[in-house]
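Engineer: return atomic coordinates for the entry below.
(one chain, ligands or ions: 1)
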Amino acid sequence: MCGIIGCVSKENCYEKLLAGMKRLEYRGYDSAGVALLSDGKFAVRKRRGGVSGIAGAPLCGDTGIGHTRWATHGKPSDRNAHPHVAGKFALVHNGIVENHARLRAELEAEGESFLSETDSEVIVRLIARLYEGDFFAAVAAACARLEGSYAIAVLCSDCPGEIVCARQKSPLVAGAAEDALYVCSDIPALCGAASYIAPAADGEFIRIAEGKIAFLDAQGREIPKTFSRVEPCAAAETGTGSFMEREIAAIPRALEDTLAALRRTDFAPCARVLRGAGKIFAVACGTALHAALAFKDAVEGEVGVPVLAHPASEFRYRDPLVGEGDLVVAVSQSGETADTLEAARLAKARGAYVLSVTNIAHSSLAQEADFNIAMRAGAEIAVAATKSYNCQLLCLYYLAAQLCFFRKTRFPAWFAELGTLPAAAREAFGCFAQMNELAARLQGAQGMYFIGRDSDVRTAAEGALKVKEIAYLFAEGYCAGELKHGTLALIEEGFPVFAVATRRALAKKCENTLAEVSSRGAYTVLFSQYEDVLAESCADAVCRLPAVCERLMPVVAVIPLQYFACRMCVLRGYDPDKPRNLAKSVTVE
Ligand code: F6R
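Structural biologist: Model prediction:
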């Protein structure tokens with residue numbers, strides 16, 4: 001949420017900042033802005049809306065900062081757009097200053113006038129007040145007064161070629177290239193720009209000055225850091241259409257790459273935990289939570305061990321029964337989701353072993369976990385997760401198989417079939433023509449249900465989340481058997497109900513539910529890989545899924561639903577890549 005970037009370049013840095021901000025835009029698109037420092041003066045351009053809104057004649061300066069905003073304090077507007085300037089300082093901020101009201105009141109009492117409604121402006125005014133000629137000292141002193149979360153990048157008009165940054169609970173990474181030095185919120189946003197990167201830890205500062213990057217503590221003492229080569233990011237999927245469509249099209253390749261990486265992963269370092277962990281938890285948010293729930297199904301079904309799956313936002317505040325010797329699996333595409341990170345930290349503090357599954361190898365979660373499974377979904381630009389979900393499922397099934405191996409000295413029968421998933425995913429694209437027709441037919445619907453049983457409920461929930469998120473249509477993923485305990489009352493003529501029935505043993509039960517909603521006028525669609533189940537159904541439309549073993553089916557069954565949501569979004573006139581009110585990488589709680 002909110003992207004920040006800073007750049008000190010050998011030449012004008014305007015284009016570099018803008019290119020970085022374009023790559024950061026999925027973190028927020030309520031407003032965009034840059035400040036460049038030249039001859040002791042700031043050139044600032046900022047505006048409500050996306051990065052394209054501030055493009056224009058380049059501003060001058062080899063040192064600059066940029067911001068893409070996801071509004072928290074203060075509505076999206078030109079005034080609330082970053083950078084914020086006070087005296088000799090310009091600042092961009094990602095995070096939430098929780099004591100901003102108190103600080104603002106103090107500063108106002110001292111005569112400061114604020115130009116925006118943001119919490120961020122408090123920081124820059126505080127820095128300006130505390131400045132006595134030492135740029136770094138003023139930033140460090142201001143940070144000492146902040147409560148909450150922040151990643152900031154600050155310019156000082158007295159200090160050409162210098163940027164001072166600080167991190168507390170919001171991601172911040174430094175990057176080096178031949179012709180420029182960077183700080184940024186995201187590793188993916190540095191892909192293609194920087195060759196080497198090093199993330200900052202909480203409480204650390206980064207200073208770019210005199211052509212060098214230094215990591216410092218609050219007293220200004222240097223902290224040694226090792227820079228790693230930036231792994232080449234799969235370039236944003238090529239082709240036409242939205243990123244979301246291209247990312248769906250990239251699912252087979254993402255699965256292939258992830259499977260290859262999994263086969264290279266050495267699980268020996270966590271063998272003792274996989275074999276002997278007391279309780280097993282899975283924590284995640286949103287789409288990743290649906291993957292965590294599918295992991296629960298697989299481990300309970302194959303290993304016979306209970307898994308407690310929690311939304312990370314609940315886990316961290318409910319005094320969970322986690323302790324010494326337990327295993328907590330934390331799932332996060334970005335590896336920066338605030339609630340998931342805090343849940344993992346809480347688990348570690350209580351002595352549990354944290355295993356993360358992330359798409360960003362150097363993310364905060366990957367760094368802090370005891371063991372990380374790095375999936376290889378490639379850069380995901382669209383805010384709605386698609387290919388990362390399929391890859392999360394793949395990683396978690398792989399992990400479930402390892403648990404089975406370490407506890408039962410055998411792999412589950414389906415372990416050998418993981419290699420069939422990329423081809424099956426490709427085959428699922430065969431459903432797209434039908435999804436186009438369904439989206440055209442249902443685009444005016446007022447709401448819809450997605451139902452299933454067992455792991456199909458995870459697919460249903462993910463299908464519903466996608467429809468809500470990008471098509472702005474009320475949708476609910478529901479256990480088929482629960483429908484008649486209240487929710488059935490909402491079914492009326494034409495109400496769409498999508499049923500996922502990929503478990504043969506439960507298909508008849510699902511069919512019964514379809515019959516119940518059909519007889520009340522619902523428009524029903526059934527998804528299954530079984531010809532006979534489809535042939536015998538009363539559904540208005542049926543969609544045949546590729547034949548995949550039942551346990552692994554969620555990886556593939558969700559694909560037509562991801563595509564359906566995308567088409568519904570486009571037909572209803574929205575942009576699938578930038579859903580309203582949302583942003584990728586939820587680094588605030
Ligand atoms: C939905 C979506 C979100 C994320 C959630 C967790 O399409 O993208 O629900 O899944 O914000 O994000 P990560 O996986 O980065 O922790």
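
Engineer: contacts for stretch 556-564?
Structural biologist: Among residues not part of stretch 556-564, those counted as contacts by Cβ atoms under 8 Å, 6 or more residues apart in numbering are 245, 248, 251, 386, 389-390, 421, 424-425, 427-429, 431-432, 434-435, 438-439, 450, 456, 459, 462-463, 466-467, 498, 500, 502, 527, 543, 545-546, 548. Yep, even glycine has a C-beta here, placed from its N, CA and C like the rest.

Engineer: around the ligand, which positions in the stretch 151-300 of the chain sit nearby?
Structural biologist: Residues of the stretch 151-300 of the chain found near the ligand, taking Cβ under 6 Å from any ligand atom as the criterion, are 285-288.

Engineer: show the pLDDT at residue 283.
Structural biologist: At residue 283, the pLDDT value in this model is 98.

Engineer: my bad, residue 24
Structural biologist: With respect to pLDDT, residue 24 has a value of 89.

Engineer: ok, then the element right after the worst-scoring helix or strand of the chain on mean pLDDT?
Structural biologist: Scoring the helices and strands of the chain by mean pLDDT, DSSP states H and E places strand 228-229 at the bottom, with a mean of 90. On the C-terminal side of strand 228-229, the closest following helix or strand by DSSP states H and E is helix 243-249.

Engineer: which strands and helices sit next to that next one?
Structural biologist: Packed against helix 243-249 by the contact rule (3 or more Cβ pairs under 8 Å, 6 or more residues apart in numbering; DSSP states H and E) you find helix 553-571.

Engineer: from the chain's centroid, how far away is the helix it packs on?
Structural biologist: A distance of 18 Å separates the C-alpha centroid of helix 553-571 from that of its chain, computed with Cα atoms, centre = their mean, to the nearest Å.

Engineer: kindly format the C-alpha coordinates of that helix as PDB.
Structural biologist: Listed in PDB are the C-alpha atoms of helix 553-571, where the atom choice follows Å, rounded to 0.1, in the frame of the first residue of the first chain:
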ATOM      1  CA  MET A 553      -8.100 -30.100  -8.600                       C
ATOM      2  CA  PRO A 554      -8.200 -26.700  -6.800                       C
ATOM      3  CA  VAL A 555      -5.100 -25.700  -8.800                       C
ATOM      4  CA  VAL A 556      -7.000 -26.100 -12.100                       C
ATOM      5  CA  ALA A 557     -10.700 -25.700 -11.200                       C
ATOM      6  CA  VAL A 558     -10.300 -22.100 -10.200                       C
ATOM      7  CA  ILE A 559      -8.900 -21.000 -13.600                       C
ATOM      8  CA  PRO A 560     -12.300 -20.700 -15.400                       C
ATOM      9  CA  LEU A 561     -13.600 -18.800 -12.400                       C
ATOM     10  CA  GLN A 562     -10.600 -16.400 -12.500                       C
ATOM     11  CA  TYR A 563     -11.200 -15.800 -16.100                       C
ATOM     12  CA  PHE A 564     -15.000 -15.400 -15.600                       C
ATOM     13  CA  ALA A 565     -14.400 -12.700 -13.000                       C
ATOM     14  CA  CYS A 566     -12.100 -10.900 -15.400                       C
ATOM     15  CA  ARG A 567     -14.600 -11.000 -18.200                       C
ATOM     16  CA  MET A 568     -17.400  -9.800 -15.900                       C
ATOM     17  CA  CYS A 569     -15.200  -6.900 -14.900                       C
ATOM     18  CA  VAL A 570     -14.400  -5.900 -18.400                       C
ATOM     19  CA  LEU A 571     -18.000  -6.300 -19.600                       C
END
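
Engineer: closest point of the stretch 101-250 of the chain to the ligand, which residue?
Structural biologist: The shortest separation between the stretch 101-250 of the chain and the ligand is 9.6 Å, found at residue 244 (distances taken as Cβ to the nearest ligand atom).

Engineer: tell me the contacts of the nearest residue to residue 74 once chain neighbours are set aside?
Structural biologist: Spatial nearest neighbour of residue 74, excluding adjacent residues (Cβ to Cβ, 6 or more residues apart in numbering): residue 117 at 3.2 Å. Contact partners of residue 117, counting by Cβ under 8 Å, 6+ apart, are 73-75, 79-80.

Engineer: the residues of the stretch 151-300 of the chain next to the ligand: which two are farthest apart?
Structural biologist: In these, two members sit farther apart than any others by Cβ to Cβ. They are 285 and 287, at 8.1 Å.

Engineer: of those two, which one has the most company?
Structural biologist: Looking at residue 285 and residue 287 with other Cβ atoms under 10 Å, you find the greater number of neighbours at residue 287, namely 23 against 20.

Engineer: surely the more buried one touches residue 387?
Structural biologist: No. Applying Cβ atoms under 8 Å as the test, residue 287 and residue 387 come out as separate, 11.0 Å apart.

Engineer: break this structure into its domains for me.
Structural biologist: Under automatic domain parsing, the residue ranges defining each domain of the chain are 3-229, 239-411, 425-589.

Engineer: residues from the stretch 301-450 of the chain in reach of the ligand?
Structural biologist: Counting by Cβ under 6 Å from any ligand atom, the residues of the stretch 301-450 of the chain near the ligand are 332-334, 337, 340, 384-385.

Engineer: got the phi and psi for residue 75?
Structural biologist: As for residue 75, its main-chain torsions (degrees, to the nearest 10) stand at phi -70, psi 160.

Engineer: that one: neighbouring residues, count only.
Structural biologist: Taking other Cβ under 10 Å as the criterion, the count of residues near residue 75 is 11.

Engineer: and for the one 3 residues further on?
Structural biologist: Counted with other Cβ under 10 Å, residues neighbouring residue 78 total 13.

Engineer: which SS state does it fall under?
Structural biologist: Per DSSP: H, G, I helix; E, B strand; the rest coil, the secondary structure class of residue 78 is coil.
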